[in-house]
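Colleague: how does the following fold in three dimensions:
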Amino acid sequence: MSSPVETIPLARLALVFIPVLVVVLIQWRWAMPVLPAIHGLARMLAQLLLVGYVLLFLFESNSPLIVSLVLAIMIGMASWIALRPVAKQRRGHYPAALGAIVVGAVPTLVLVTQVVINVDPWYQPSFLIPLAGMIFANAMNSVSIAAERQQAELDNGRNQQVARQSAFQAALIPLVNSLMAVGLVSLPGMMTGQVLAGVSPLIAARYQILVMCMLFGSSGIATACYLYWSRSDKSSG
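Modeller: Numbers count the residues shown, from 1 in each chain. Reported below is the predicted structural model:
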(Lines give C-alpha, C1' and ligand atoms only; values in the text may rest on other atoms or scores of the structure.)
Protein backbone atom coordinates (compact mmCIF):
# COMPACT_ATOMS: atom_id res chain seq x y z
CA MET A 1 0.00 0.00 0.00
CA SER A 2 1.13 3.55 -0.64
CA SER A 3 2.08 6.10 1.99
CA PRO A 4 -0.26 8.83 3.29
CA VAL A 5 -2.26 10.88 0.80
CA GLU A 6 -0.37 13.76 -0.76
CA THR A 7 -1.43 17.33 -0.12
CA ILE A 8 -3.42 18.58 -3.11
CA PRO A 9 -1.99 21.85 -4.47
CA LEU A 10 -4.57 24.63 -4.56
CA ALA A 11 -4.11 25.08 -8.32
CA ARG A 12 -5.08 21.45 -8.93
CA LEU A 13 -7.85 21.57 -6.35
CA ALA A 14 -9.42 24.45 -8.26
CA LEU A 15 -9.90 22.14 -11.27
CA VAL A 16 -12.59 20.19 -9.41
CA PHE A 17 -14.83 23.25 -9.68
CA ILE A 18 -15.11 22.77 -13.46
CA PRO A 19 -18.07 20.32 -13.24
CA VAL A 20 -19.57 22.53 -10.53
CA LEU A 21 -19.51 25.50 -12.88
CA VAL A 22 -21.10 23.36 -15.60
CA VAL A 23 -24.06 22.67 -13.30
CA VAL A 24 -24.39 26.36 -12.41
CA LEU A 25 -24.32 27.28 -16.11
CA ILE A 26 -27.05 24.72 -16.82
CA GLN A 27 -29.19 26.28 -14.08
CA TRP A 28 -28.62 29.75 -15.54
CA ARG A 29 -29.30 28.59 -19.10
CA TRP A 30 -32.56 26.97 -18.04
CA ALA A 31 -33.67 30.14 -16.23
CA MET A 32 -33.40 28.49 -12.83
CA PRO A 33 -32.19 30.24 -9.65
CA VAL A 34 -28.40 30.05 -9.38
CA LEU A 35 -27.97 32.02 -6.17
CA PRO A 36 -28.83 29.09 -3.84
CA ALA A 37 -26.15 26.94 -5.47
CA ILE A 38 -23.57 29.74 -5.37
CA HIS A 39 -24.48 30.52 -1.79
CA GLY A 40 -24.16 26.85 -0.87
CA LEU A 41 -20.76 26.57 -2.55
CA ALA A 42 -19.51 29.70 -0.82
CA ARG A 43 -20.70 28.43 2.54
CA MET A 44 -19.11 25.05 1.89
CA LEU A 45 -15.75 26.65 1.17
CA ALA A 46 -15.88 28.97 4.17
CA GLN A 47 -17.13 26.30 6.57
CA LEU A 48 -14.62 23.65 5.53
CA LEU A 49 -11.70 26.06 5.71
CA LEU A 50 -12.88 27.23 9.11
CA VAL A 51 -13.48 23.73 10.44
CA GLY A 52 -9.93 22.79 9.45
CA TYR A 53 -8.55 25.44 11.81
CA VAL A 54 -11.09 24.54 14.50
CA LEU A 55 -10.17 20.85 14.37
CA LEU A 56 -6.49 21.75 14.50
CA PHE A 57 -7.18 23.74 17.68
CA LEU A 58 -9.27 20.93 19.19
CA PHE A 59 -6.68 18.26 18.47
CA GLU A 60 -3.96 20.35 20.06
CA SER A 61 -6.00 21.46 23.09
CA ASN A 62 -7.00 17.88 24.02
CA SER A 63 -9.47 19.26 26.60
CA PRO A 64 -12.55 17.22 27.66
CA LEU A 65 -14.43 20.42 28.51
CA ILE A 66 -13.85 21.98 25.10
CA VAL A 67 -14.69 18.72 23.30
CA SER A 68 -17.93 18.37 25.29
CA LEU A 69 -18.86 21.98 24.51
CA VAL A 70 -18.27 21.41 20.79
CA LEU A 71 -20.43 18.28 20.86
CA ALA A 72 -23.23 20.21 22.59
CA ILE A 73 -23.06 22.98 19.97
CA MET A 74 -23.10 20.40 17.17
CA ILE A 75 -26.24 18.75 18.57
CA GLY A 76 -27.97 22.09 19.08
CA MET A 77 -27.23 23.23 15.53
CA ALA A 78 -28.18 19.86 14.02
CA SER A 79 -31.55 19.95 15.80
CA TRP A 80 -32.28 23.47 14.55
CA ILE A 81 -31.23 22.76 10.95
CA ALA A 82 -33.25 19.51 10.91
CA LEU A 83 -36.46 21.53 11.22
CA ARG A 84 -35.74 23.77 8.23
CA PRO A 85 -38.45 22.09 6.09
CA VAL A 86 -41.07 22.92 8.75
CA ALA A 87 -39.89 26.41 9.58
CA LYS A 88 -43.30 27.54 10.84
CA GLN A 89 -43.27 24.83 13.52
CA ARG A 90 -39.54 25.10 14.21
CA ARG A 91 -39.70 26.67 17.66
CA GLY A 92 -42.49 24.41 18.86
CA HIS A 93 -40.85 21.24 17.55
CA TYR A 94 -37.28 22.12 18.53
CA PRO A 95 -37.40 20.34 21.92
CA ALA A 96 -38.63 17.18 20.17
CA ALA A 97 -35.85 17.36 17.55
CA LEU A 98 -33.20 18.12 20.16
CA GLY A 99 -34.30 15.30 22.43
CA ALA A 100 -34.58 12.89 19.52
CA ILE A 101 -31.06 13.54 18.26
CA VAL A 102 -29.65 13.34 21.79
CA VAL A 103 -31.38 10.00 22.46
CA GLY A 104 -30.58 8.54 19.05
CA ALA A 105 -27.04 9.82 18.62
CA VAL A 106 -25.33 10.15 22.00
CA PRO A 107 -25.73 6.54 23.24
CA THR A 108 -24.61 5.29 19.83
CA LEU A 109 -21.57 7.58 19.94
CA VAL A 110 -20.70 6.29 23.42
CA LEU A 111 -21.11 2.67 22.32
CA VAL A 112 -18.92 3.13 19.25
CA THR A 113 -16.12 5.17 20.83
CA GLN A 114 -15.98 3.67 24.32
CA VAL A 115 -16.84 0.00 23.69
CA VAL A 116 -16.25 -0.92 20.04
CA ILE A 117 -13.20 1.26 19.26
CA ASN A 118 -12.21 1.77 22.92
CA VAL A 119 -10.97 5.34 22.53
CA ASP A 120 -8.54 6.36 25.27
CA PRO A 121 -8.92 8.95 26.67
CA TRP A 122 -12.67 9.03 26.07
CA TYR A 123 -12.57 12.62 24.81
CA GLN A 124 -9.80 12.10 22.22
CA PRO A 125 -10.98 14.68 19.67
CA SER A 126 -9.37 13.07 16.62
CA PHE A 127 -11.81 10.16 17.04
CA LEU A 128 -14.75 11.69 18.88
CA ILE A 129 -15.40 14.79 16.75
CA PRO A 130 -15.37 13.15 13.28
CA LEU A 131 -17.53 10.22 14.42
CA ALA A 132 -19.92 12.55 16.25
CA GLY A 133 -20.18 14.69 13.13
CA MET A 134 -21.20 11.72 11.00
CA ILE A 135 -23.75 10.50 13.55
CA PHE A 136 -25.28 13.92 14.24
CA ALA A 137 -25.46 14.88 10.56
CA ASN A 138 -27.20 11.69 9.50
CA ALA A 139 -29.64 11.87 12.42
CA MET A 140 -30.32 15.48 11.43
CA ASN A 141 -31.07 14.53 7.83
CA SER A 142 -33.38 11.69 8.84
CA VAL A 143 -35.30 13.88 11.29
CA SER A 144 -35.55 16.57 8.62
CA ILE A 145 -37.03 14.17 6.05
CA ALA A 146 -39.44 12.80 8.65
CA ALA A 147 -40.54 16.26 9.75
CA GLU A 148 -41.27 17.36 6.19
CA ARG A 149 -43.12 14.16 5.26
CA GLN A 150 -45.15 14.05 8.46
CA GLN A 151 -46.29 17.64 8.01
CA ALA A 152 -47.16 17.04 4.35
CA GLU A 153 -49.23 13.98 5.25
CA LEU A 154 -51.06 15.85 8.01
CA ASP A 155 -51.73 18.78 5.66
CA ASN A 156 -53.25 16.29 3.20
CA GLY A 157 -55.71 15.07 5.82
CA ARG A 158 -53.95 11.87 6.90
CA ASN A 159 -54.39 10.81 10.50
CA GLN A 160 -51.47 10.90 12.89
CA GLN A 161 -50.60 7.21 12.70
CA VAL A 162 -50.57 7.09 8.90
CA ALA A 163 -48.52 10.31 8.76
CA ARG A 164 -46.02 8.90 11.24
CA GLN A 165 -45.59 5.62 9.38
CA SER A 166 -45.15 7.38 6.04
CA ALA A 167 -42.64 9.81 7.54
CA PHE A 168 -40.60 7.07 9.19
CA GLN A 169 -40.50 5.02 5.99
CA ALA A 170 -39.41 8.05 3.95
CA ALA A 171 -36.67 8.91 6.43
CA LEU A 172 -35.24 5.40 6.18
CA ILE A 173 -35.06 5.36 2.34
CA PRO A 174 -31.58 6.98 2.05
CA LEU A 175 -30.26 4.80 4.88
CA VAL A 176 -31.57 1.55 3.40
CA ASN A 177 -30.34 2.57 -0.07
CA SER A 178 -26.87 3.16 1.32
CA LEU A 179 -26.91 -0.26 3.01
CA MET A 180 -27.91 -1.92 -0.26
CA ALA A 181 -25.39 -0.01 -2.38
CA VAL A 182 -22.28 -0.05 -0.19
CA GLY A 183 -19.54 -2.13 -1.79
CA LEU A 184 -21.52 -2.59 -5.01
CA VAL A 185 -22.33 0.92 -6.20
CA SER A 186 -20.22 3.02 -3.85
CA LEU A 187 -17.23 2.95 -1.55
CA PRO A 188 -18.27 5.32 1.26
CA GLY A 189 -16.18 8.17 2.56
CA MET A 190 -14.48 6.52 5.53
CA MET A 191 -13.47 3.40 3.61
CA THR A 192 -12.28 5.42 0.62
CA GLY A 193 -10.29 7.74 2.85
CA GLN A 194 -8.62 4.88 4.69
CA VAL A 195 -7.75 3.03 1.49
CA LEU A 196 -6.28 6.21 0.00
CA ALA A 197 -4.27 6.66 3.21
CA GLY A 198 -2.75 3.21 2.81
CA VAL A 199 -4.89 1.16 5.20
CA SER A 200 -5.65 -2.44 4.23
CA PRO A 201 -9.06 -2.74 2.51
CA LEU A 202 -9.95 -5.54 4.95
CA ILE A 203 -9.39 -3.25 7.94
CA ALA A 204 -11.15 -0.38 6.18
CA ALA A 205 -14.15 -2.66 5.56
CA ARG A 206 -14.50 -3.32 9.30
CA TYR A 207 -14.57 0.39 10.05
CA GLN A 208 -17.12 0.94 7.30
CA ILE A 209 -19.36 -1.76 8.79
CA LEU A 210 -19.07 0.12 12.08
CA VAL A 211 -20.04 3.37 10.38
CA MET A 212 -23.00 1.94 8.46
CA CYS A 213 -24.47 0.31 11.56
CA MET A 214 -23.99 3.37 13.77
CA LEU A 215 -25.60 5.67 11.19
CA PHE A 216 -28.57 3.41 10.52
CA GLY A 217 -29.21 2.79 14.22
CA SER A 218 -28.76 6.33 15.49
CA SER A 219 -30.75 7.92 12.64
CA GLY A 220 -33.61 5.42 12.94
CA ILE A 221 -33.88 5.88 16.70
CA ALA A 222 -33.70 9.68 16.41
CA THR A 223 -36.41 9.68 13.74
CA ALA A 224 -38.74 7.47 15.76
CA CYS A 225 -38.27 9.64 18.86
CA TYR A 226 -38.96 12.83 16.93
CA LEU A 227 -42.11 11.44 15.32
CA TYR A 228 -43.39 10.27 18.69
CA TRP A 229 -42.60 13.46 20.61
CA SER A 230 -43.83 15.82 17.90
CA ARG A 231 -47.28 14.25 17.59
CA SER A 232 -50.12 16.72 17.37
CA ASP A 233 -52.44 14.21 18.98
CA LYS A 234 -50.71 12.95 22.12
CA SER A 235 -53.50 10.56 22.93
CA SER A 236 -52.98 8.43 19.81
CA GLY A 237 -50.69 5.41 19.85
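
Colleague: what's around L49, how many residues?
Modeller: Residues lying near L49 (other Cβ atoms under 10 Å) number 10. For every residue, glycine as well, the C-beta is placed using N, CA and C.

Colleague: wasn't it part of a helix?
Modeller: Yes: under DSSP: H, G, I helix; E, B strand; the rest coil, L49 falls within a helix.

Colleague: now do it against G40, distance only.
Modeller: 15 Å (Cβ to Cβ, to the nearest Å).

Colleague: repeat that for S219.
Modeller: S219 is 22 Å from G40, by Cβ to Cβ.

Colleague: can you count the residues close to S79?
Modeller: 26.

Colleague: outside of the host helix or strand of it, which residues touch it?
Modeller: According to DSSP states H and E, S79 maps onto helix 64-82. By Cβ atoms under 8 Å, 6 or more residues apart in numbering, the surrounding residues in contact with helix 64-82 are 58, 90, 94, 97-98, 100-102, 105-106, 121-123, 125, 128-129, 132-133, 136-137, 139-141, 143-144, 147.

Colleague: stretch 24-36 too?
Modeller: Under Cβ under 8 Å, 6+ apart, the answer for stretch 24-36 is 37-38.

Colleague: what residues sit buried inside it?
Modeller: Buried residues in stretch 24-36, defined by neighbour count with 16 or more other Cβ atoms under 10 Å: 24, 27, 34.

Colleague: for the first one, helix, strand, or coil?
Modeller: This means V24. Per three-state DSSP, the local secondary structure of V24 is helix.

Colleague: check contacts around the closest residue to N62 other than its chain neighbours.
Modeller: Distances taken as Cβ to Cβ, 6 or more residues apart in numbering place P125 nearest to N62, at 6.8 Å, with adjacent residues excluded. The neighbours of P125, taking Cβ under 8 Å, 6+ apart as the test, are 55, 58-59, 61-62, 67, 70.

Colleague: how about a cut-off of 6 Å?
Modeller: Neighbouring residues of P125 by Cβ atoms under 6 Å, 6 or more residues apart in numbering: 58-59, 67.

Colleague: any chance of those in a markdown table, with neighbour count, distance to I209 and pLDDT too?
Modeller: Below are the contacts of P125 laid out as a markdown table (neighbours: other Cβ atoms under 10 Å; distance: Cβ to Cβ, whole Å; pLDDT from 0 to 100):
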| residue | neighbour count | distance to I209 | pLDDT |
| --- | --- | --- | --- |
| L58 | 19 | 27 | 83 |
| F59 | 12 | 26 | 81 |
| V67 | 20 | 26 | 90 |
